[in-house]
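J.: curious how this folds, go ahead:
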Amino acid sequence: MARALLSVSNKTGIIEFASLLSKLGYELISTGGTYQTLNEAGLDVTKVSEVTGFPEILDGRVKTLHPKIHGGILAKRSYEHLQELSEHEISPIDIVVVNLYPFRETVAKANVSEDEATENIDIGGPTMIRAAAKNYASVLVVVDPDDYSRVGEALNQGNTDTLRRELARKAFAHTAAYDSAIVSYFDRGTDLPETLNLALERSEILRYGENPHQQGARYREKSGFWDNLKQHKGTGLSYLNVFDTEAAWQLVHEFKEPACVIVKHANPCGVAIASNISEAYDKAFACDPKSAFGGIVALNQVIDKKTAEHLMENAKADVIIASGYSPDALELVMSKRKTMRVLEAPAPGQASFELRRIDGGFLLQNPDTVNMDKSAWKVVTEAQPSEAEWQDLEMAWLVCAYTKSNAIALVKDKQAVGIGAGQQSRVDAADIAAKKAEGRAVGGACASDAFYPFRDGLDAAAAAGVKAVIQPGGSVNDQAIIDAANEQGMAMVFTGERHFRH
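T.: Predicted structure coming up:
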């Protein structure tokens, strides 16, 4: 008689699947809680301890680690292996249905103890999975309840050949991800671990990569806002849609007030905060209407009808992402611009580290979080920022930190009016920002993502009419820059923290 071993932590669908196996003539073998579940369901099931002739010991730590289990799983169906099994009174096991202790879920709980985490490190489960996956030519291994239906269908049809290798690969991926989660748990609190163990699953195939001739997909380490996002309309997302939307969604959530961020090619081209979301959008769009065409519009509030009307009146956005939509606003944005993606999403999370591929490996760093604690900042000029200038300085600093370096951001009355991004020269970035501002920066604030090495960058800000500047400081020419600011009658703040973004 063919035999199936079932030992699952996630018991979703296990009774139905085991019932099917029983009807197909499989002898059911099981352990602990799975045995109890199947037995209470009225299924004829044999305890593993009856197969091994050895009781479960060490509080269940040792149940299946026995030759009568692993010999049955690992034996090839060759004459020599079957003869050896017979000599040792071991029967083959043909199907292994196992999923593992909920380690990820356990360690995700607040204040989980070391003992609780350790007890949720599965040993017997991964061992059985790997054994069955190694012997996939003879043994069918199932680790995902979502596969029960198609495995059942294949068994009913008497043809599992096309499934065996696929499920073996999935089984090894399952145990690899499990071990990765355990290593990550032990690495908690370590900024630069000795090894980096990642297990990523493909969660979305994108329309294309950075360019249409490239393939692209999104992989996830854990669930994020992308996995809880709702796309109301529009064509599928491309690689750059995802990349740019991520940038916009992260920045707009730096603000507590109603805010709008418009991003084009990974850089903000419009940012504003206001008393309501409609005004925030209008001010953000006004920063650089030309660049806003085909960009990403992110709003950290529910979009009302008035905001939706303004969105539809202005240049087309590729993506709109918001916390929600009023019914009449959604009806309006759904009725026009067929290809425009309309997204609704929860707030973004915070990454634990950032990765970039280089030849033969990766670069890793902690995320660049922006410290907005003004107690760590220092006014270094004779002039002190006014209350309004402080508000503009704070906003300019955030915008600049989210802009590709070299970066200059000009802000007036909580509205970005000019942004210079991604320039090799800081003066060029300042000139671009001033040109885009078109005189609107007068009396406003300027942020530079790194120190001014020479006074020419500061003079460019003064020429744009700026009255307050925020920058990291740290140049050997700091005093000359401070003197230049005093000469121009400008207030200047040093943050002590650079925010290059490449």
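
J.: contacts, neighbours, all on C-alpha from now
T.: Noted.

J.: could I get the average pLDDT for stretch 480-492?
T.: What stretch 480-492 shows for mean pLDDT is 95.

J.: now stretch 144-155
T.: Stretch 144-155 comes out at a mean pLDDT of 91.

J.: buried sites along it?
T.: 144, 145, 148, 151, 152 (16 or more other CA atoms under 10 Å).

J.: which pair of the residues you listed spans the longest distance?
T.: Longest distance between any two of the buried residues of stretch 144-155 is 12.9 Å, between 144 and 152; criterion CA to CA.

J.: quick check, residue 56 in contact with residue 65.
T.: No: counting by CA atoms under 8 Å, residue 56 does not reach residue 65; the two are 9.8 Å apart.

J.: the stretch 101-250 of the chain: strands as residue ranges?
T.: Assigned by DSSP state E, counting those that start in this stretch, the strands in the stretch 101-250 of the chain fall at 140-142, 201-205, 217-220, 230-233.

J.: hang on, residue 410 in a helix?
T.: No: going by DSSP: H, G, I helix; E, B strand; the rest coil, the assignment for residue 410 is strand, not a helix.

J.: residues contacting the nearest residue to it once chain neighbours are set aside?
T.: Distance criterion CA to CA, 6 or more residues apart in numbering; nearest residue to residue 410, sequence neighbours excluded, is residue 446 at 4.6 Å. The neighbours of residue 446, taking CA atoms under 8 Å, 6 or more residues apart in numbering as the test, are 393, 396, 408, 409, 410, 411, 461, 466, 468, 469, 470.

J.: swap in residue 272?
T.: When contacts are counted by CA under 8 Å, 6+ apart, residue 272 touches 259, 260, 261, 280, 281, 283, 284, 414, 415, 416.

J.: separation between residue 263 and residue 249?
T.: 9 Å (CA to CA, to the nearest Å).

J.: I misspoke; the intended subject was residue 89.
T.: From residue 89 across to residue 249, the span is 62 Å (CA to CA).

J.: for the two, indicate the residue with more neighbours.
T.: A count of neighbours by other CA atoms under 10 Å puts residue 249 above the other of residue 89 and residue 249, at 27 against 10.

J.: residues contacting the more buried one?
T.: 261, 298, 299, 321, 347, 348.

J.: buried subset of these?
T.: Buried positions within the contacts of residue 249, assessed by neighbour count (16+ other CA under 10 Å), are 261, 298, 299, 321, 347.

J.: the fourth one contacts residue 298, doesn't it?
T.: Yes: counting by CA under 8 Å, a contact exists between residue 321 and residue 298, whose distance comes to 4.9 Å.

J.: now do the shared contacts for those two.
T.: The contact sets of residue 321 and residue 298 overlap at 245, 249 (CA under 8 Å, 6+ apart).

J.: off-centre distance for the helix or strand hosting residue 283?
T.: With secondary structure defined by DSSP states H and E, residue 283 is part of helix 277-287. How far helix 277-287 lies from its chain's middle: 28 Å, per CA atoms, centre = their mean, to the nearest Å.

J.: tell me the angle that helix makes with strand 408-412.
T.: In terms of direction (axes from the mean of the first three to the mean of the last three CA atoms, to 10 degrees), helix 277-287 departs from strand 408-412 by 130 degrees.

J.: residues of the following helix or strand past helix 277-287 that come out buried?
T.: The helix or strand immediately downstream of helix 277-287 is helix 289-292, counting by DSSP H and E. Neighbour-count burial for helix 289-292 flags 291, 292 (criterion: 16+ other CA under 10 Å).

J.: which strands and helices lie in contact with helix 289-292?
T.: If you count contacts as 3 or more CA pairs under 8 Å, 6 or more residues apart in numbering; DSSP states H and E, helix 289-292 packs onto strand 259-264, strand 267-273.

J.: in a markdown table: the ones you listed, plus distance to residue 451 and mean pLDDT.
T.: Output for these, formatted as a markdown table (distance: least, CA to CA, whole Å; pLDDT from 0 to 100):
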| stretch | distance to residue 451 | mean pLDDT |
| --- | --- | --- |
| strand 259-264 | 25 | 97 |
| strand 267-273 | 20 | 96 |
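
J.: so which of those is nearest residue 450?
T.: For residue 450, the closest of the helices and strands packed on helix 289-292 is strand 267-273, at 16.7 Å, according to CA to CA.

J.: relative to residue 126, which of the strands of the stretch 101-250 of the chain is closest?
T.: Across the strands of the stretch 101-250 of the chain, residue 126 has its closest neighbour in strand 140-142 (11.5 Å, CA to CA).

J.: what's in contact with the closest one?
T.: Contacts for strand 140-142 (CA under 8 Å, 6+ apart): 94-98, 129, 132-133, 148, 164, 167-168, 171.

J.: list the contacts for the closest residue in space to residue 339 that isn't next to it in sequence?
T.: Sequence neighbours aside, residue 234 is the residue nearest to residue 339 in space, at 4.3 Å (criterion: CA to CA, 6+ apart). Contacts for residue 234 were tallied using CA under 8 Å, 6+ apart; they are 338, 339, 340, 341, 342.

J.: what do you get for residue 408?
T.: Residue 408 neighbours (CA under 8 Å, 6+ apart): 400, 419, 420, 421, 426, 429, 430, 433, 446, 447, 448, 449.

J.: quick one: the fifth one from residue 488, how far?
T.: From residue 426 over to residue 488 the distance is 19 Å, taken as CA to CA.

J.: looking at these two now, which is surrounded by more residues?
T.: residue 426 (27 against 15).

J.: is it true that that one touches residue 458?
T.: No: counting by CA under 8 Å, residue 426 does not reach residue 458; the two are 9.8 Å apart.

J.: let's have the contacts of residue 446 in JSON lines, adding distance to residue 293 and pLDDT.
T.: What follows is those, written out as JSON lines (distance: CA to CA, whole Å; pLDDT from 0 to 100):
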{"residue": "393", "distance to residue 293": "27", "pLDDT": "97"}
{"residue": "396", "distance to residue 293": "23", "pLDDT": "97"}
{"residue": "408", "distance to residue 293": "21", "pLDDT": "96"}
{"residue": "409", "distance to residue 293": "20", "pLDDT": "97"}
{"residue": "410", "distance to residue 293": "21", "pLDDT": "97"}
{"residue": "411", "distance to residue 293": "21", "pLDDT": "97"}
{"residue": "461", "distance to residue 293": "27", "pLDDT": "93"}
{"residue": "466", "distance to residue 293": "28", "pLDDT": "95"}
{"residue": "468", "distance to residue 293": "30", "pLDDT": "97"}
{"residue": "469", "distance to residue 293": "30", "pLDDT": "97"}
{"residue": "470", "distance to residue 293": "30", "pLDDT": "97"}
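
J.: nearest to residue 43 among those residues?
T.: Nearest member of the contacts of residue 446 to residue 43, counting by CA to CA, is residue 396, at 67.3 Å.

J.: tell me who's in contact with the closest one.
T.: Residues near residue 396 by CA under 8 Å, 6+ apart: 409, 410, 411, 416, 445, 446, 447.

J.: which residue packs closest to the fifth one, ignoring adjacent ones?
T.: The one in question is residue 445. residue 468 is the one closest to residue 445 (CA to CA, 6+ apart), at 4.7 Å.

J.: and for residue 372?
T.: residue 394 (7.4 Å).

J.: could you export the helix or strand hosting the one you found as PDB, CA atoms only?
T.: Residue 394 belongs to helix 387-401 when assigned by DSSP H and E. Output of helix 387-401 as PDB, limited to C-alpha atoms (Å, rounded to 0.1, in the frame of the first residue of the first chain):
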ATOM      1  CA  GLU A 387       9.000  81.100  12.400                       C
ATOM      2  CA  ALA A 388       7.800  81.000   8.800                       C
ATOM      3  CA  GLU A 389      11.400  80.500   7.600                       C
ATOM      4  CA  TRP A 390      11.900  77.700  10.000                       C
ATOM      5  CA  GLN A 391       8.800  75.900   8.500                       C
ATOM      6  CA  ASP A 392      10.200  76.400   5.000                       C
ATOM      7  CA  LEU A 393      13.700  75.300   6.100                       C
ATOM      8  CA  GLU A 394      12.300  72.000   7.500                       C
ATOM      9  CA  MET A 395      10.300  71.300   4.400                       C
ATOM     10  CA  ALA A 396      13.200  72.200   2.100                       C
ATOM     11  CA  TRP A 397      15.500  69.800   4.100                       C
ATOM     12  CA  LEU A 398      13.100  66.900   3.600                       C
ATOM     13  CA  VAL A 399      12.600  67.600  -0.100                       C
ATOM     14  CA  CYS A 400      16.300  67.900  -0.600                       C
ATOM     15  CA  ALA A 401      17.000  64.600   1.200                       C
END
